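>>> Kindly return the folded structure for what I paste below:
(one chain, ligands or ions: 1)
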Amino acid sequence: MATKQKWVIFGDNEYAITMIFETLYAIHKKSLEISIVINRKFTPQHPWNEDLHHIAMVNEEDFKADRPVFAFLAGMSPDSRQFLWKRFDKDRDNIVLPSLIHPSVVLPHHITIEEGVRIEPNVTIAPYVSVGKAALINRGAIIGHHTTIGDFVNINPGAIINGMCHIGAHTTIGAGTIINDGVVIGSHCVIGSGSLVTKNIPDHTIAYGSPAKVINTHS
Ligand SMILES: CC(C)(COP(=O)(O)OP(=O)(O)OC[C@H]1O[C@@H](n2cnc3c(N)ncnc32)[C@H](O)[C@@H]1OP(=O)(O)O)[C@@H](O)C(=O)NCCC(=O)NCCS
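Numbers count the residues shown, from 1 in each chain. So this is what the prediction gives:
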């Protein structure tokens with residue numbers, strides 16, 4: 001008989017929660033008996049909870065007895081994912097923070113993926129890529145060979161990060177942005193959607209355009 005596992009989705013973002021659920025379902029179908037527990041504190045009104053009888057809605061306190069749990073971080077921005085990470089990191093004896101990769105993702109050899117990462121459908125990753133903890137790679141993004149992606153990074157849908165790039169921790173790459181080979185983007189940056197980044201971008205910078213220009217720096 002299948003072992004019942006406790007899968008817990010924590011977060012504040014409806015879209016992220018839905019994507020996590022869909023990915024778990026795509027991986028396991030009905031071969032595993034899964035109960036998903038969504039924290040009401042973060043998601044007080046969930047539109048689809050009534051329809052899906054295999055999702056139990058409980059408060060965080062209600063499942064303390066069921067440790068260890070497998071927790072998924074349903075935050076979109078680097079800030080919200082880091083907030084969730086910190087919440088669970090202090091309780092690591094009881095909580096596992098698995099990475100969640102949709103089955104449609106192309107994953108080659110020699111890649112490193114840290115804990116708490118989420119990779120959405122139809123992402124393509126080339127060899128020798130490393131992805132830092134709790135990073136999020138949204139649907140359809142392409143990551144070139146030997147590129148490194150820092151902790152808590154958010155790569156939005158359809159972005160193309162070419163080979164040998166580095167994306168610093170806590171940076172957001174806008175939807176549909178293209179980053180040329182070998183470009184280094186600093187930490188805590190925001191690269192606007194649809195940009196073409198041809199040169200390195202320093203830490204704590206907002207940049208956008210084609211070619212991307214530094215618009216602002218922030219602390
Ligand atoms: C870069 C970004 C953070 C700037 O946001 P903002 O500071 O609120 O910018 P505003 O909307 O006030 O626009 C300010 C100016 O920048 C321009 N601008 C904003 N984003 C731009 C972009 N990505 N490319 C080119 N110009 C842009 C605006 O046209 C405006 O120009 P104007 O002053 O001449 O009128 C935001 O536009 C962005 O691109 N975010 C990423 C969005 C994304 O990828 N979402 C994915 C969802 S899944």
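>>> Beta-bridge partners for the residue nearest the centre of the chain, please?
Centroid-nearest residue in the chain: L136, 2.3 Å away (criterion: Cα atoms, centre = their mean). Taking DSSP bridges as the rule, L136 bridges to R118, N154.
>>> Next one: it from T147, what distance?
According to Cβ to Cβ, to the nearest Å, L136 stands 15 Å off from T147. Yep, even glycine has a C-beta here, placed from its N, CA and C like the rest.
>>> Also T205?
Separation of T205 from T147 (Cβ to Cβ): 19 Å.
>>> and what of P103?
Distance, P103 to T147, by Cβ to Cβ: 22 Å.
>>> in the chain, which spans are helices?
For the chain, helices defined by DSSP state H occupy the ranges 14-28, 78-89.
>>> Kindly format the C-alpha coordinates of stretch 173-192 as PDB.
Output in PDB follows, covering the C-alpha atoms of stretch 173-192 (Å, rounded to 0.1, in the frame of the first residue of the first chain):
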ATOM      1  CA  ILE A 173      14.600  38.900 -14.500                       C
ATOM      2  CA  GLY A 174      11.500  40.200 -16.300                       C
ATOM      3  CA  ALA A 175       9.400  38.200 -18.700                       C
ATOM      4  CA  GLY A 176      10.700  37.700 -22.100                       C
ATOM      5  CA  THR A 177      14.100  39.300 -21.300                       C
ATOM      6  CA  ILE A 178      17.200  38.100 -23.200                       C
ATOM      7  CA  ILE A 179      20.600  38.100 -21.500                       C
ATOM      8  CA  ASN A 180      23.600  37.800 -23.800                       C
ATOM      9  CA  ASP A 181      26.300  35.200 -23.300                       C
ATOM     10  CA  GLY A 182      28.600  35.800 -20.300                       C
ATOM     11  CA  VAL A 183      26.700  38.800 -18.800                       C
ATOM     12  CA  VAL A 184      26.900  39.100 -15.100                       C
ATOM     13  CA  ILE A 185      23.800  40.500 -13.400                       C
ATOM     14  CA  GLY A 186      24.300  41.600  -9.800                       C
ATOM     15  CA  SER A 187      22.300  40.700  -6.700                       C
ATOM     16  CA  HIS A 188      19.000  42.400  -5.700                       C
ATOM     17  CA  CYS A 189      18.500  43.700  -9.300                       C
ATOM     18  CA  VAL A 190      15.300  44.000 -11.300                       C
ATOM     19  CA  ILE A 191      15.600  43.600 -15.100                       C
ATOM     20  CA  GLY A 192      12.500  44.900 -16.800                       C
END
